[in-house]
Structures are given as structure tokens and as C-alpha cells.
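Engineer: Starting from these lines, generate the structure:
(one chain, ligands or ions: 1)
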Amino acid sequence: MRTFAFLLFAAASGLALADSNPVELHQVLDLPDDAKVAALTLDACGGAYDADLIAFLVDRGIPATIFATRKWLRKNPAALSELVGHPDLFDIENHGANHVPAFIGRDRLVYGIPGELDVAHLKREISRGASAVKNATGAQPRWYRGATGEYDAESVKVIEGMGYKVAGFSVNADSGARLSRKRIVGRLGKVRSGDIIIAHVNRPESDTAEGLAIGLKTLQDHGFRFVKLNDFQVRPLRPLLVP
Ligand SMILES: [Zn+2]
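Structural biologist: Okay, here's the model as predicted:
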């Protein structure tokens, strides 16, 4: 019975987990193949503000869904003012309070970052992140993206149980703001209709702004337009099976 209930919830989330190891959630916008529409999502995990990237998006009229942590919002008030000053372009959603991954287990590491101690700590990370977004924007967030973008069965159930949609992606444009300009442009060159792109807006010293500027402009030149996650339904790209 417990397994059956778990499979039901996993199917609803687009996650098919054979066990509870953390996995990336891969999603796309639910659109026809020829729509030439993609969604840009930018994580603000901690650290600083990539003003060049936001200036480019404003200049080109490219909207983005920003996943911000409480600690980033507190540290970057000028960035927040810039983002909320363009409500047509930017939605700010919940990336947690302190950038702790949304899977259970301090002994589990993804990119060297350990998971939450237990469900109570996960709920606190989510609710404190949500309060920070609400205070910053005046709007209740609707999406949650955990640090590292990986989830386990229990954490997805917790996030959805708190009323949030779990934000996945389908194109990892900058791999944690660690890729070269050339590699970012190469990854964006593979974007197809419906793709959800993930990159970062918290590492101004990285190649991300420059790579996105070239890659996104090229996509626009090829007829792509960009939307926010709240503009469309999303669906799982493919079931994720953990051996
Ligand atoms: Zn992050």
C-alpha cells in the first residue's frame, strides 16, 4: 500500500523513483514542437548579483524566472530592487532559505553539498525561503527549486504537500556558473521548443552573462521567444529511473 501510494505521487511529479536516491527532475513546457518558445530560469543561490546578465535581459526584453534564496535576497537589496522593478520580465520564486538541498540525509552529497537532516528541517528551509520571497515581492511564490536541483521521493511529497510546484529543467546552460562562454553558447545552441533552461545570476565573475548574451540572442534571431514558468504548464521530459 505504501509503495502504491508512493508510485502515485511520483507519477504526479514526473518522478519515477525506484528508491529514494536524489535525482534531477527534468521538465519541459507543455507546448507543440514547433512553438519556438523556451523558459529561462536563473538561480540566485548565494553570493553576488550578475548585473550584466540582468541588464542584457532587460535590454532584449527576455523574461526569466528567478529562484532566489533568503540569504541571497538579504545580501543583494539593490539586485532585488532591479528585479522587482521589472515585474513584466521577472518572477521571483523560492530557492530555500540557506541553500540546503531538498533531499533527506546529511550523509548524502550532491556536488559536495549534504542533504537535510529530516523532513522538519526541509519544511523550515522551504517556508523560510517562501517568507523571504513574499516579503521581498509581496507575492507568494508558487514554485520551489531545491539547491542542486535534485530531489528524492520524500522531499517531492513534502514540497507538493506544502502547495508548491517542483521546478525542474531540461537544459543546464552553465553547470553552476562554471562553464566557459563557448560551452554555454554550445549548450544553448541545442535548445528546442519547450525547453526549460537553468543558469545562474549570482556569479558575476563567471562566463555566464557573456555566454547567455550570445546564446539567447542567437535563439531570438532564430525566432525563439522566452516565457516565465508561470506562463505555461510543465510536464516531465522523461521518467527518471534510479537503479
Ligand atoms: Zn542554487
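Engineer: what's near enough to touch Glu125?
Structural biologist: Under the criterion of C-beta atoms under 8 Å, 6 or more residues apart in numbering, the neighbours of Glu125 are Gly96, Ala97, Asn98, Val100, Ala102, Glu116. For the C-beta atoms, the positions are set from N, CA and C on the backbone; glycine is no exception.
Engineer: swap the cut-off to 7 Å and go again
Structural biologist: Applying C-beta atoms under 7 Å, 6 or more residues apart in numbering, one finds that Glu125 lies in contact with Gly96, Ala97, Asn98, Val100, Glu116.
Engineer: Kindly report the same for Val201.
Structural biologist: Neighbours of Val201 in contact, by C-beta under 7 Å, 6+ apart: Leu42, Ala44, Tyr49, Asp50, Leu53, Ile54, Ile66.
Engineer: and of those residues, the nearest to Arg181?
Structural biologist: Each of those was scored against Arg181 by C-beta to C-beta, and Leu53 proved nearest at 12.6 Å.
Engineer: Got the confidence number for that closest one?
Structural biologist: The per-residue pLDDT reported for Leu53 equals 98.
Engineer: model confidence over stretch 92-110, on average?
Structural biologist: pLDDT averaged over stretch 92-110 equals 94, rounded to a whole number.
Engineer: Could you say which helix or strand holds the closest residue to Phe90 other than its chain neighbours?
Structural biologist: Using C-beta to C-beta, 6 or more residues apart in numbering and skipping residues adjacent in sequence, the residue nearest Phe90 is Leu83, 4.7 Å away. Assigning secondary structure by DSSP states H and E places Leu83 in helix 77-84.
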